[in-house]
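# just coords:
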């Protein structure tokens, strides 16, 4: 792609130079015009001399008058065409034209390259082209992507005034699940658009989103700070509103979640995830035991959310731990994609220790975020965690158990997979 770009640029430069240089290098020569005039004067002289000679021979003019007129005609001819004049071999302005042409050929391409390097987006073009052409195994692609991302980061750090580059870097880090780096890149994006409150608010909202994924769905100080900063610039920043809605939903505050998500519908009616947001609103109303208002867009749960697709688990508590855990201890049972070890769960339920042992079906009705659902993956790891903090994020002292291997997601409930809470967490 980069090679094609420079070939096209070279062709356009050559065409532009052609338009400039052709009239300079190939203008009509003044020498030819002067030669034509000289020939015309000579023909007129010879014609007049022939007429005088005929008149003299016919007796119309005498000898003295004939000689006088002949001498006057010859004198006039010498004034127009000097006898010893040699044809001019050079063209006036030719050397200047050559100089202009040479300077143009040398400077125009060089200036084009230098100005594009200064004001263009070649770094982004090269990085995008390289990322689009990645092939091979997943490991090879990941390694190459990390290498290219490092190169792009180095270029942006040396030339930070490039909002498009920072946005690309942040999105790439998100795809690589390097959420801390993504939050940093989006913060740099915010710094590069300081004079645009709207764009800065979006960048801060994206930074908050990356921090939210890094904290595995916990509303940490970093997430809260970024959300508050984004909403101070734009109270309707959709990324911040979405995170607040997800957090409220995870805390069973469905009414508040509906408020945030309905606000997104109002301010961003063309939002690319609008269908998922509407699904979240419908689910929140269902959890409240209410019907969505008639004016709210309907959400077809059976078709759009792959009804019944999920996993079934039976969660028990190890006998050795029963005496140490109060019955009102918060219990989270959640599923994550088998190949992702961080980020918000795809499905989660919140219960208490007193409900154990319990059999649970995790499907899209238990999604924490409308755009991330269990029906969108092939297999998951299910974890059950007891926590005194009431926070789904792991804390030292929590009790936990997980499936030994990935569970296939399907419509067939089958026999539940056993999950035993038998570990005490000692660190984050």
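Structure received. Predicted model, so just to flag it, every value in this text is computed and none were measured.

# just the helices in the stretch 301-428 of the chain please.
Taking DSSP state H, counting those that start in this stretch, the helices of the stretch 301-428 of the chain run over residues 301-304.

# quick one: low-confidence ranges for it?
Applying pLDDT under 70 to the stretch 301-428 of the chain picks out residues 301-307, 341-343, 369-371, 427-428.

# and the strands in it?
310-317, 330-337, 347-352, 358-363, 379-387, 399-402, 407-408, 417-421, 423-424 (DSSP state E, counting those that start in this stretch).

# tell me how far residue 283 lies from residue 178.
According to Cβ to Cβ, to the nearest Å, residue 283 and residue 178 sit 30 Å apart. Where C-beta positions appear, they are placed from N, C-alpha and C, glycine not excepted.

# neighbour-wise, which of those two wins?
More neighbours surround residue 283 than the other of residue 283 and residue 178, with 23 against 17 (other Cβ atoms under 10 Å).

# so what's that one closest to, chain neighbours aside?
residue 365 (6.6 Å; Cβ to Cβ, 6 or more residues apart in numbering).

# residue 280 is in contact with that neighbour, correct?
No: if you go by Cβ atoms under 8 Å, residue 365 and residue 280 don't touch, sitting 11.3 Å apart.

# the more surrounded of these two?
Legend: neighbour count by other Cβ under 10 Å for residue 365 and residue 280, higher for residue 280 (27 against 18).

# on the three-state scheme, that one is what?
Judged by DSSP: H, G, I helix; E, B strand; the rest coil, the three-state class of residue 280 is helix.

# can you tell me how far it sits from residue 228?
Per Cβ to Cβ, residue 280 is found 22 Å from residue 228.

# check residue 277 too.
22 Å.

# neighbour count: these two, which is higher?
residue 277 (25 against 12).

# which residues touch that one?
Neighbour list for residue 277: 242, 261, 264-265, 271, 370 [criterion: Cβ atoms under 8 Å, 6 or more residues apart in numbering].

# just the element for it, please.
Using DSSP states H and E, residue 277 maps to helix 274-287.

# going by neighbour count, list what's buried in that helix.
The neighbour-count criterion (16 or more other Cβ atoms under 10 Å) identifies 276-285 as the buried residues of helix 274-287.

# now for the residues you listed, which pair is the farthest apart?
276 and 285 (15.2 Å; Cβ to Cβ).

# hmm, back to that, so which of the strands of the stretch 301-428 of the chain gets nearest residue 220?
Among the strands of the stretch 301-428 of the chain, strand 379-387 comes nearest to residue 220, with 15.6 Å by Cβ to Cβ.

# correct me if wrong: residue 200 contacts residue 194.
Yes: taking Cβ under 8 Å as the definition, residue 200 is a contact partner of residue 194 at 6.3 Å.

# when the two are compared, which one has more neighbours?
Shown here are residue 200 and residue 194; by other Cβ under 10 Å, residue 200 has more neighbours (21 against 9).

# OK, contacts around the closest residue to residue 377 other than its chain neighbours?
Spatial nearest neighbour of residue 377, chain neighbours left out: residue 337 (4.5 Å); criterion: Cβ to Cβ, 6+ apart. Each residue near residue 337 by Cβ under 8 Å, 6+ apart is listed here: 346, 377, 379-380.

# measure residue 337 to residue 407 for me?
Distance of residue 337 to residue 407, given as Cβ to Cβ: 11 Å.

# what is in contact with the two at once?
By Cβ under 8 Å, 6+ apart, residue 337 and residue 407 have these common neighbours: 379-380.

# low-confidence stretches in the stretch 101-250 of the chain?
Residue ranges of the stretch 101-250 of the chain with pLDDT under 70: 101-142.

# verify the contact between residue 390 and residue 330 for me.
Yes: counting by Cβ under 8 Å, residue 330 is a contact partner of residue 390 at 4.7 Å.

# neighbour count for the two, which is higher?
Neighbour totals were compared for residue 390 and residue 330, and residue 330 leads with 17 against 11 (other Cβ under 10 Å).

# if I look at that one, how far off is residue 362?
Noted for residue 330: a distance of 17 Å to residue 362, by Cβ to Cβ.

# contacting residues for residue 261?
Residue 261 sits next to 241-242, 245, 277, 280-281, 284, 370 when contact means Cβ under 8 Å, 6+ apart.

# which of the residues you listed sits closest to residue 290?
Closest approach to residue 290 among the contacts of residue 261 (Cβ to Cβ): residue 284, at 9.1 Å.

# quick check: which element contains the residue lying closest to residue 281 once chain neighbours are set aside?
Nearest residue to residue 281, sequence neighbours excluded (Cβ to Cβ, 6+ apart): residue 261, at 5.0 Å. Element membership of residue 261, judged by DSSP H and E, is helix 254-267.

# would you mark the buried spots in that helix?
254, 256-265.

# was I right to think residue 241 contacts residue 266?
No: the criterion here is Cβ under 8 Å, and residue 241 misses it with residue 266 at 10.1 Å.

# returning to that earlier point: need the strands of the stretch 301-428 of the chain in TSV (columns: distance to residue 144).
TSV is the format used below for the strands of the stretch 301-428 of the chain (distance: least, Cβ to Cβ, whole Å):
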stretch	distance to residue 144
strand 310-317	34
strand 330-337	23
strand 347-352	33
strand 358-363	35
strand 379-387	26
strand 399-402	32
strand 407-408	30
strand 417-421	36
strand 423-424	37
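
# to residue 207, which of those lies closest?
Proximity to residue 207 (Cβ to Cβ) singles out strand 330-337 among those, at 22.8 Å.

# run a quick neighbour tally on the closest residue in space to residue 351 that isn't next to it in sequence.
Computed as Cβ to Cβ, 6+ apart, the closest residue to residue 351 that is not its neighbour in sequence is residue 331, at 4.4 Å. Look at residue 331: counted by other Cβ under 10 Å, it has 23 neighbours.

# how far away is residue 331 from residue 398?
Noted for residue 331: a distance of 11 Å to residue 398, by Cβ to Cβ.

# which residues does residue 174 contact?
Residue 174 makes contacts with 182, 210, 213, as judged by Cβ under 8 Å, 6+ apart.
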